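Q: Need a 3D model of the sequence below.
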Amino acid sequence: MKKSGILVILILGCLIQVMGQEAARFHSDPKLFLQEARDLFGSRLPEESRVLLLQYEAAQKNGQLEENHWIDLAGKANRIEKTDARLLADFQLLLEAYFQVATHSKAQKDYLSWSSNLDKILQENRNNFSQAQPFLEFTINYSTRGILYQTRALQWHIKPALCEFGFDSAFYVPLNSVDLVASGSGDSITINNTGGRYYPDKRLFFGENGKITWEKLNIPANQVFVILKKFQLNLTRSVYEIDSVNLIDRRYFTNPVIGRIENKILPGMAPEVAGYPRFTSYDNRNRIKNLYPGMDYEGGFSLQGIKVLGEGMASKKNVLTIFYNQKPLYRLASTFFSFKPDQARGINTEASIYLETD
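A: Numbering: from 1, shown residues only. Predicted structure coming up:
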């Protein structure tokens, strides 16, 4: 009886093991996995799926995909099958995203950060694919086209496209020396040569450095631009404000001017009426020598698109001083001046004349 009991236990153990193996649809052996994938798609294998499986075969042959990759991929595929995922569409999604990361990641740590985050999502949502689906879609869009966030009306993307990932307290995308572009409805705004971290789950970009120009308004990029330090952007929005930036405007100033920059997407607007990018100086006593021949300016300073404005307060009005023979002749004071290449216009301007005794 004792031997019979042991035999029964062994048989049951083997049956459990066999049943466990049969429960796994996908196996880590490359040839077996690819055949199981073809069996899943059936006789009407979509063209994009056929091409993708051929890419997997080629990557296996040239050594891009190693044994650990296939073990990881099979494990993820089996876990996704146990969720409410759409079997064909979402399996295709997994294959596309995984291939991009496994074959295009810059370093092993990028692959491991991405893989562990997908495992975390699947672990926390065991029966629900709703969290994994947007993550896989993000992976494909980001690694192939540099897209960080998109809706029908708005898209944020980087140039060039990268395939780098990281993980601290949360999953993030590290960015270095890229152009960050927001576009929609035929218009776009760009932050050049910036870096930082983008957190896809929160849609937040924590940036460091960067440059904003007025080039699209036909002002040379090396003549007028803003230099950024640390900043934060919500990529669900088509507008942003950044404090404590340095304006370089070689037309008027020899030193940087500190202030705030605002920018937004403005589809269908002509440059002369757009009013963005918009810079506002913190200082209400900026000095511009020879703003016009024989004329100095002191006061607030703002750029609104191509418009150059002097904006002040009632207690601290902007002042234009007109000189004659290198001596002040007229003093014009206003809370608002608009400057054009050939003229200045003030609102409710006070005019004073200097006399010999002044």
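Q: How about the secondary structure of residue 113?
A: Look at residue 113: counting by DSSP: H, G, I helix; E, B strand; the rest coil, its state is helix.
Q: Buried residues in the host helix or strand of residue 190, which are they?
A: If you go by DSSP states H and E, residue 190 is part of strand 187-199. Along strand 187-199, these residues count as buried under the neighbour rule (16 or more other C-beta atoms under 10 Å): 187, 189-192, 194, 196-199. (C-beta placed from N, C-alpha, C; glycine too.)
Q: Please apply the same query to stretch 301-314.
A: Within stretch 301-314, the residues scored as buried using 16+ other C-beta under 10 Å are 301-312.
Q: contacts for the strand holding residue 190?
A: 148, 166, 170-183, 204-213, 228, 235, 263-269, 276-277 (C-beta atoms under 8 Å, 6 or more residues apart in numbering).
Q: what packs against the helix or strand that it is followed by?
A: Counting by DSSP H and E, the next helix or strand C-terminal to strand 187-199 is strand 204-208. When contacts are defined as 3 or more C-beta pairs under 8 Å, 6 or more residues apart in numbering; DSSP states H and E, strand 204-208 sits against strand 171-184, strand 187-199, strand 230-234.
Q: Out of those, which gets nearest to residue 33?
A: strand 171-184 (26.0 Å; C-beta to C-beta).
Q: can you dump the C-alpha coordinates of the closest one into PDB?
A: The C-alpha atoms that make up strand 171-184 are tabulated as PDB, following Å, rounded to 0.1, in the frame of the first residue of the first chain:
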ATOM      1  CA  PHE A 171       9.000  54.600 -15.100                       C
ATOM      2  CA  TYR A 172      10.400  57.500 -17.200                       C
ATOM      3  CA  VAL A 173      11.900  58.300 -20.600                       C
ATOM      4  CA  PRO A 174      15.300  60.000 -20.400                       C
ATOM      5  CA  LEU A 175      15.900  62.700 -23.000                       C
ATOM      6  CA  ASN A 176      19.200  64.300 -24.000                       C
ATOM      7  CA  SER A 177      19.900  66.900 -26.600                       C
ATOM      8  CA  VAL A 178      16.600  66.600 -28.400                       C
ATOM      9  CA  ASP A 179      14.200  69.000 -30.000                       C
ATOM     10  CA  LEU A 180      10.800  68.900 -28.200                       C
ATOM     11  CA  VAL A 181       8.000  69.800 -30.600                       C
ATOM     12  CA  ALA A 182       4.200  70.300 -30.000                       C
ATOM     13  CA  SER A 183       2.100  70.300 -33.100                       C
ATOM     14  CA  GLY A 184      -1.600  70.500 -34.000                       C
END
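Q: Go through that strand and flag the buried ones.
A: Buried residues in strand 171-184, counted by 16+ other C-beta under 10 Å: 171-173, 175, 178-184.
Q: likewise stretch 147-166?
A: The neighbour-count check on stretch 147-166 (16+ other C-beta under 10 Å) flags 147-150, 154-158, 162-166 as buried.
Q: Take the helices and strands packed on strand 204-208 and lay them out in JSON lines including distance to residue 345 and mean pLDDT.
A: Compiled in JSON lines, those are given as follows (distance: least, C-beta to C-beta, whole Å; pLDDT from 0 to 100):
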{"stretch": "strand 171-184", "distance to residue 345": "33", "mean pLDDT": "97"}
{"stretch": "strand 187-199", "distance to residue 345": "28", "mean pLDDT": "97"}
{"stretch": "strand 230-234", "distance to residue 345": "34", "mean pLDDT": "98"}
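Q: tell me the secondary structure for residue 225?
A: strand.
Q: Am I right that it is in contact with residue 219?
A: No: taking contacts as C-beta atoms under 8 Å, residue 225 lies outside contact range of residue 219: 9.0 Å.
Q: which residues do the two both contact?
A: residue 213.
Q: if you count what's nearby, which of those two comes out ahead?
A: Using other C-beta atoms under 10 Å as the criterion, residue 225 and residue 219 rank with residue 225 on top: 21 against 18.
Q: Leaving out sequence neighbours, find the closest residue to the more buried one.
A: residue 213 (4.5 Å; C-beta to C-beta, 6 or more residues apart in numbering).
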